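Asks: Fold the following for me, if possible:
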Amino acid sequence: MVSSIPKWLETLADEIWEWFLKIRIPEHPGRVRFCKEGDLFNPNKRAGLGLSCLALKTLYMLNLLDRLNPNELKGWISYIKSFQTIKGKTEGYFEDPALLKKLDQPLGPFLRRDWNVRRAETRQACAALLCANAKPAIPIKNIPKTPRGVRHFIHRLPWENPWAAGSHASHLMFFLHLNATFFEDKREEILMPVIIEELNKLQDPKTGCWLRGKPPSAQMINGAMKVITGYTFTGLSFRYPEKLIDFALNLSNDYDACHHADLFYVLHQCTYLTDHRKDEIKKLAEQRIEEIAKFRKRDGAFSFRMDGSGFTYYGVPRSKGLPVSDIHGTTLFVWALVMIADILGFREELGWNLPVT
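Replies: Numbers count the residues shown, from 1 in each chain. Next up, the predicted model:
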């Protein structure tokens with residue numbers, strides 16, 4: 001454990017709360033803007049699902065949900081739930097109509113649905129609800145239902161790009177476990193071992209990462225993070241944690257909010273399985289506190305990029321990139337700091353929570 005908690009971490013929750021009050025839409029619980037200045041996004045009843053989920057998870061991690069009026073939290077949960085589709089091909093998925101209008105593609109008289117974004121947004125929404133002691137109204141329906149279907153799904157993923165492939169393998173694990181836990185779906189017992197079997201075939205024993213080919217190192221650790229979130233949510237252990245630690249400690253991976261969070265998620269989860277290079281992990285954690293501080297803005301929160309707010313969300317413009325905080329960067333850096341505080345032994349003293357993810 002470090003000799004003392006950095007002073008700015010002791011006041012971080014209060015300062016992010018004050019920032020949150022400036023990006024929320026008070027009369028509409030759950031609706032939040034992307035950033036305070038230079039924002040290109042207008043949340044409404046059909047737009048803003050992902051950002052709402054990020055904000056809810058941020059408040060949960062910093063133990064701030066009890067500062068909300070109970071009716072506001074109830075309204076926030078209802079807002080997120082309102083995006084769940086209750087019939088049709090996407091039954092059970094959470095869909096943001098405004099976002100998907102930009103991402104779905106017309107194909108003659110039909111529509112080519114962006115299933116990647118639907119899976120990611122649905123995973124995010126369900127995780128946010130679980131952080132607030134809530135759950136989706138119905139199970140996620142359109143997922144592989146047989147061992148053959150699972151194998152086909154896993155091997156069609158682009159493992160040359162492990163960040164993308166790993167995320168969707170993890171989504172499938174998440175949905176199976178969610179359906180089993182809350183909706184008594186028995187298929188997890190049959191299908192989860194098949195997923196693990198196929199993932200084991202893709203795991204590199206030299207680095208511990210899941211991949212095909214020779215992707216960039218940053219992609220490899222980002223992809224490992226995505227896969228491990230599936231193992232964590234389902235309560236399963238993964239192989240080669242020592243190799244993953246060795247690989248992660250050789251990376252800088254500090255370009256933006258995603259890279260910081262992904263690197264520390266891998267290291268944090270590996271520490272549950274092994275004490276390998278534990279002191280080096282703690283040393284890196286101490287160093288990263290000050291590196292993350294460089295992404296902090298005068299408004300009290302964090303920007304996705306060091307120079308300013310992130311420009312897009314799933315490729316859709318969300319800000320002008322001014323030197324202000326944004327909800328995407330804030331959520332990811334808070335998450336990284338929660339994990340770092342856990343590694344260094346002072347998370348509970350700060351009262352912070354590890355999120356469902």
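
Asks: And the helices in the stretch 151-300 of the chain?
Replies: Ranges of helices within the stretch 151-300 of the chain are 162-183, 187-202, 217-234, 241-249, 257-270, 278-293, based on DSSP state H, counting those that start in this stretch.

Asks: Dump those to CSV, plus distance to residue 321, mean neighbour count and mean pLDDT.
Replies: Where C-beta positions appear, they are placed from N, C-alpha and C, glycine not excepted. Output for the helices of the stretch 151-300 of the chain, formatted as CSV (distance: least, CB to CB, whole Å; neighbours: other CB atoms under 10 Å; pLDDT from 0 to 100):
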stretch, distance to residue 321, mean neighbour count, mean pLDDT
helix 162-183, 22, 22, 98
helix 187-202, 36, 17, 98
helix 217-234, 22, 23, 97
helix 241-249, 29, 20, 97
helix 257-270, 14, 24, 95
helix 278-293, 19, 16, 96
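
Asks: Of all those, which one is nearest residue 98?
Replies: Nearest to residue 98 among the helices of the stretch 151-300 of the chain is helix 162-183; the distance by CB to CB comes to 21.6 Å.

Asks: want to throw the helices of the stretch 151-300 of the chain into TSV with distance to residue 6?
Replies: Below are the helices of the stretch 151-300 of the chain laid out as TSV (distance: least, CB to CB, whole Å):
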stretch	distance to residue 6
helix 162-183	30
helix 187-202	38
helix 217-234	25
helix 241-249	22
helix 257-270	16
helix 278-293	6
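
Asks: Please name whichever of the ones you listed is nearest to residue 332.
Replies: Across the helices of the stretch 151-300 of the chain, closest to residue 332 is helix 257-270 (CB to CB), at 3.7 Å.

Asks: got the angle between the closest one and helix 162-183?
Replies: 60 degrees (axes from the mean of the first three to the mean of the last three CA atoms, to 10 degrees).

Asks: quick one, what contacts residue 291?
Replies: Counting by CB atoms under 8 Å, 6 or more residues apart in numbering, residue 291 touches 254, 260.

Asks: any idea how far it lies from residue 345?
Replies: From residue 291 across to residue 345, the span is 20 Å (CB to CB, to the nearest Å).

Asks: Out of the helices of the stretch 151-300 of the chain, which gets nearest to residue 43?
Replies: Closest among those, using CB to CB: helix 257-270, at 20.6 Å.

Asks: What helices and strands are in contact with the closest one?
Replies: helix 217-234, helix 241-249, helix 278-293, helix 327-344 (3 or more CB pairs under 8 Å, 6 or more residues apart in numbering; DSSP states H and E).

Asks: Cool, thanks, signing off.
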